[in-house]
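Undergrad: Fold the following.
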Amino acid sequence: MSTAAIADSQLRIPSYRVLDVRVDAVQIPDAIQILESWIAEGSPARYVAVTGMHGVSVSRDDAEFGNILQNAGLVVADGMPLVWLGRLQGFSHMKRRVYGPELMEAFCSQTGSKYRHFFYGGAPGVADNLAQVEQERHGIQIAGTYCPPFRELSDEEEREVRCLIEEARPDVLWVGLSTPKQERWMYEHRNTLHVPVMLGVGAAFDLNTGRLKQAPAWMREHGLEWLFRLCAEPRRLWQRYMVNGSRFLWAVCVEHLLPRIF
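TA: Below you'll find the predicted structure:
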């Protein structure tokens, strides 16, 4: 899908900027409505970037990744800091974040067996487990699953994966590779896969199968999920939250908050 076509598709979706990253001012019901309209159109693959503080931080150091976010069909706020910044910029309807695991559950619950779902990502067996869980919960149609190895795929493996997904004919492709890997994967495959909707939902694969414990609701709704996840996986996440998080907060203060004070 061309950049011009993407820009045209965004005209009806209000958005705001967070450190030069476009964030679409939508909530989960809005996102589901948009996804269903894309499926009805049957257009070449459009992808959804479920983005929080980490994704915005990566885009500041990586112009290519910033371009990937800019070209997403939809960029949703998967983090309360992005929601608060949306409210600060006049979008008072931004009450909650578009949390990846919750978006998956809501979409599957609301649409049931209406669409064919493909699950790509996770550790060995996780995609299969997730597909089974969502089918038992919501009666979804399973088009297929694939858990890629923790390395770059060879050209032959890439061709096999594309053929697998094309033959499965999914309406929705859920990608769980974590940010920024999942966004790069969707961007690279946007013109080679004829799938109406691709969504990068990262940890939803582990959270919705119960492999990872969810933060309590009060922490998720008050911007404290990062603390819960940091305590659960300190070695993997300390740099994301302590280093990148601090840089994000400083940049937000300089760009969004200090001009309002002075």
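Undergrad: now the strands: where do they sit in the stretch 1-150 of the chain?
TA: For the stretch 1-150 of the chain, applying DSSP state E, counting those that start in this stretch gives strands covering 15-18, 21-24, 46-51, 74-77, 116-121, 141-146.
Undergrad: In a markdown table, list these along with mean pLDDT, mean neighbour count and distance to Cys163.
TA: Every residue, glycine included, has its C-beta placed from N, CA and C. What follows is the strands of the stretch 1-150 of the chain, written out as a markdown table (pLDDT from 0 to 100; neighbours: other CB atoms under 10 Å; distance: least, CB to CB, whole Å):
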| stretch | mean pLDDT | mean neighbour count | distance to Cys163 |
| --- | --- | --- | --- |
| strand 15-18 | 95 | 18 | 36 |
| strand 21-24 | 96 | 23 | 32 |
| strand 46-51 | 96 | 28 | 20 |
| strand 74-77 | 97 | 27 | 27 |
| strand 116-121 | 97 | 25 | 13 |
| strand 141-146 | 97 | 18 | 11 |
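Undergrad: Serialize those to a markdown table and add fields for distance to Gln110.
TA: Compiled in a markdown table, those are given as follows (distance: least, CB to CB, whole Å):
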| stretch | distance to Gln110 |
| --- | --- |
| strand 15-18 | 24 |
| strand 21-24 | 19 |
| strand 46-51 | 16 |
| strand 74-77 | 16 |
| strand 116-121 | 13 |
| strand 141-146 | 14 |
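Undergrad: Nearest to Arg60, out of those?
TA: Among those, strand 21-24 comes nearest to Arg60, with 8.5 Å by CB to CB.
Undergrad: Give me the residues contacting that closest one.
TA: Contact with strand 21-24 is made by 10, 13-17, 51, 55-56, 59, 66, 69-70, 74-77, 82, 85-86, as judged by CB atoms under 8 Å, 6 or more residues apart in numbering.
Undergrad: quick one: strands adjacent to that strand?
TA: strand 15-18 (antiparallel) (DSSP bridges).
Undergrad: Would you mind pulling the contact partners of the strand it pairs with?
TA: Residues contacting strand 15-18 (CB under 8 Å, 6+ apart): 22-25, 56, 75, 82, 85-86, 89-91, 252, 256.
Undergrad: How far off centre is stretch 124-140?
TA: 18 Å (CA atoms, centre = their mean, to the nearest Å).
Undergrad: Please list the outside residues in contact with that stretch.
TA: Defining contact as CB under 8 Å, 6+ apart, one finds that stretch 124-140 is touched by 104-105, 108-109, 111-113, 115, 117, 119-122, 141-142, 145-147, 174, 176, 205-206, 208-209, 211.
Undergrad: Can you pull out the low-pLDDT segments for this protein?
TA: Applying pLDDT under 70 to the chain picks out residues 1-11, 43, 257-262.
Undergrad: give me the beta-bridge partners of the residue most central in space within it?
TA: Central residue of the chain (CA atoms, centre = their mean): Val50, 2.6 Å from the mean position. Counting by DSSP bridges, Val50 is bridged to Val76.
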